[in-house]
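Peer 1: predicted model, plus sequence, below.
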Amino acid sequence: MTHAGRMAVTGFALRTPLGDDPAAVLRKLLAGERAAAPNAHFDASTYACRLAATIPGAPRPTKHRKFVKRMGLFGMEVGAEALARSGAPATGARLGLFCGYGGLRAHWDDLMPVLERQAGDERATGAWAQGFSLLHPFWMLFHLSNNAHALLSIDVGGKGDGTTTAGSNAGAQALSAAIVALAMERVDAALVFAYDSLVEPETILSLGMSGAATQANTPAAIVAPYDERAAGIVPGEAAAALVLERPEDAGKRAISFVSAAATADGAVDFPSPRAIASLAANLSAGDTIVDGAALASPARDAAERAALADVLGPSATLLALTASTGQLGGATAVVQAILLAEALRTGALPPIAGLDRPAEGPLRPLLRAEETRARSALALSAGMPGLAGALRVEVP
Amino acid sequence: MGARRAVITGVGAVSAFGVGYEALANGLAAGRSAVGPIRSFDARTFPTRVAGEVPIEKTDALFLEKHRGVLLHVGEAGTWEESGLLRDRKVCFGLVAAAEAWRHARCGTAERKAALSVGLGLEQAFLEDLAEQIDGDEIRVGAGNLSGGEGVRFRSRVDITAEKIRAVVGISGRVAVHASACAAGGMAVAHAASLIERGAVDVVLCGAADSMVNPLGIGGMSRLGAPSPRAEASACRPFDRRRDGLVVGEGAAMFVVEEESRARARGAEPLAVIAGFATTQDAYRATAPRPDGSRALAAMERAVRRANLTPADIGYVNAHGTGTPLNDPAEAKAIRALFGDVPTSSIKGAVGHLMAAAGAIELAACLLAFTRDLLPGTAHFEEPDPECPIHVIGPRPLAKRVDHVLSNSFGFGGQNVSVVLGRPG
């Protein structure tokens, strides 16, 4: 578990399946909207999981398209936007850049020509001429884990500390690393950005086969997390960015405050609810609202609620933003930081979209939007293998 | 630095010199180069036909059983092999190096809560997996046609190595996966030291593993034009006037890093102190380092300062030294500006560029300075380059006692990390 203090958020931006304006996204959340729809990226009609929550539209045209693919471009967009909005005076060596990215993918569209031309060449004597020579010269750069980070550092002139973390809790890892760098005064502002998409063929295949993803045929048939009939997540995708500064430096520019933690418990699939709850325990300061990991499995949901009840008490309010947005992989924590702060500022908590038969158990899964005067909330996320993230969001 | 110091108490390595840290140390101490023709696949038609390849043609359960050094559940390695996990060479190299480091440090149940900080390279896309999905012009999908077992992605996802290291070694602490390309290994070790210094944990298993010695890796690098066009064992010549590119390597290095007083209390013998570290970014170009080396210099300067040292205290610099036309002059300028005539070398001519694992294997090489009073040489360095005006150690190691060394790793797009190691007191 990593946790090092509380930092001010002075800028943010996001791209989610529900839109890219936090206020507009919150309105959709409050209305109980869900972004799930038939997979918009590819024909998934033969897959076990056929629904997905995808970001509408495409990244803006940019010269970086030759190095970075779609999700990385979204990540770069939100990073630049967040920094521009922050008013952070730090530049150059005092500006750090921390990236969380979910994972690389096998880009089938690039590889198909390589494979097709080699058909029948069992001895691979033409492996180069008929195949690999067809790879795009920048194929390797497309697949680099830190390509978006590197190019964004150039665009924004960030020359200070920086790292790229990976995995399904990468956003929480990146937040945690940025907070440490600020606390140790290695940088004066930290741009944290995270991006991930679970809406890729191989990921959808795996999630579908394992039963972790919904097999509903229509969006209306999806059962919400924490429902007694919950039957899997909706794969989603997002990119989001925050600018963090020390509270004393941010002053009145502070939009919200965040502390973060990440851990792993060694599980092969999702982390244990106890591991998730222990993160919450380390961050909690009398909080009564929690955005749950929302894995949409009756057994996991129940265990998570029981574990969280030990930390927050049995009557804490339970949200599930990802019931609306879809599960967002390594981007989850940063998206949560933005949307929860928006909800707290507005004084309205969104319901768990589609929840109509909450399973018995502790905590209070929110069925309808309700007003709140709370100024803080916890948020949890979980992914394979055994990776968990947590953050605490507070508004002034 | 605070009162808590991070020390290295165990090391494990897999490199072109073979399996085990001693193979690496002995190879470097002898001034040998292990770069040679690629054997693990037929690379005859590729522009790049040499690599710093681990002399193991196949990674499988047998390899793991032979080298892991810690107890797996009966049949577990076989299960992993059947599911295809072990075909990813970096997974196996990481497991073996981690087990060696754990054994070397004589860690036991008292260290089971150790954290893991690991740098990893690209996810591996297995061509055979992909080929199996193709049916004519279509990609076969769906449960009935899926031949990939767990699925392509989940067999090769970027953090699978971390997951299996935890399983093999049996540790339960937090996990951090670093993906800063060629800086990932150095970042992982720096992160481990940071955790120790801040008191977040007492023991960290850290390091990196990577392999791009496969058709996609070599093919992709060849298309990029980064490797030397010469298919010779001497293809990579860091800092040499005739240098013309890198050589792809593969392998892993892992370390047990502990809080010093704890390590000494349990009788562990520190191999080195992680005295300082720092990261910076070039913010210059995607495919070229900042020519003046100023941000690399900043990383080195900050790492030295963090160690409460002065540049004059550094007795050896282990350079990133890729052997490419652009990297070496920029790095040399930075080294010259900060350290003057300090002895410097790059081991990439001997073992190749281990990509994400480069920083880790090079820190392992740095341990020679304290364990054998030897500074590793620069294989195939013959003709000094006026553009690289530093004291480059030649192919043979330099016998010299030094108390502090610094190792550089620079990732794609200018992610820089410098780590300072000190002789244990």
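Peer 2: Nice, thanks for sending it over.
Peer 1: could you find the closest non-adjacent residue to A:Arg253?
Peer 2: In space, and not counting its chain neighbours, A:Arg253 is closest to A:Thr10: 4.6 Å by C-beta to C-beta, 6 or more residues apart in numbering or on different chains. Just so you know, the C-beta spots here come from the backbone N, C-alpha and C atoms, and that holds for glycine as well.
Peer 1: quick check, the one you found in a strand?
Peer 2: Yes. Remark: A:Thr10 belongs to a strand, assigned using DSSP: H, G, I helix; E, B strand; the rest coil.
Peer 1: how about A:Ile276, nearest residue that isn't a chain neighbour?
Peer 2: Leaving aside its sequence neighbours, A:Ile276 sits nearest to A:Ala388 (C-beta to C-beta, 6+ apart; 4.9 Å).
Peer 1: tabulate the CA atom coordinates of the one helix or strand that neighbour maps to in PDB.
Peer 2: Taking DSSP states H and E as the definition, A:Ala388 sits inside strand A:387-394. Extracted C-alpha coordinates of strand A:387-394, given in PDB (Å, rounded to 0.1, in the frame of the first residue of the first chain):
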ATOM      1  CA  LEU A 387      -4.500  -5.100  -8.200                       C
ATOM      2  CA  ALA A 388      -6.400  -2.500  -6.300                       C
ATOM      3  CA  GLY A 389      -6.500   1.200  -6.100                       C
ATOM      4  CA  ALA A 390      -8.100   3.600  -3.700                       C
ATOM      5  CA  LEU A 391      -8.400   7.300  -3.300                       C
ATOM      6  CA  ARG A 392     -10.000   9.900  -1.000                       C
ATOM      7  CA  VAL A 393     -11.500  12.900  -2.600                       C
ATOM      8  CA  GLU A 394     -12.300  16.100  -0.600                       C
END
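Peer 1: so which elements touch it?
Peer 2: With contacts taken as 3 or more C-beta pairs under 8 Å, 6 or more residues apart in numbering or on different chains; DSSP states H and E, strand A:387-394 sits against helix A:170-183, strand A:256-264, helix A:273-283, helix A:332-346, strand A:376-383.
Peer 1: identify the bridge partners of the residue nearest to A:Ile276.
Peer 2: A:Thr263, A:Ala382 (DSSP bridges).
Peer 1: hmm, A:Leu283 and it touching each other?
Peer 2: No. A:Ala388 is beyond contact range of A:Leu283, at 11.9 Å (criterion: C-beta atoms under 8 Å).
Peer 1: one step back: now the strand holding A:Ala388 against helix A:273-283, angle please.
Peer 2: Counting by axes from the mean of the first three to the mean of the last three C-alpha atoms, to 10 degrees, strand A:387-394 lies at 30 degrees to helix A:273-283.
Peer 1: what angle do strand A:376-383 and strand A:387-394 make with each other?
Peer 2: Using the same axes, to 10 degrees: strand A:387-394 against strand A:376-383 is 170 degrees.
Peer 1: who has more neighbours out of A:Ala388 and A:Leu283?
Peer 2: A:Ala388 (31 against 23; other C-beta atoms under 10 Å in any protein chain shown).
Peer 1: which non-adjacent residue is nearest the residue in chain A that chain B sits nearest to?
Peer 2: Nearest residue of chain A to chain B, counting by C-beta to the nearest C-beta: A:Ala150, 2.0 Å away. Nearest-residue entry for A:Ala150: B:Gly413, 2.0 Å, with adjacent residues in sequence omitted and distances by C-beta to C-beta, 6+ apart.
Peer 1: residue 381: neighbour count?
Peer 2: Using chain A here. 34.
Peer 1: think we crossed wires, I meant chain B
Peer 2: B:Phe381 sits with 26 neighbouring residues when counted by other C-beta under 10 Å.
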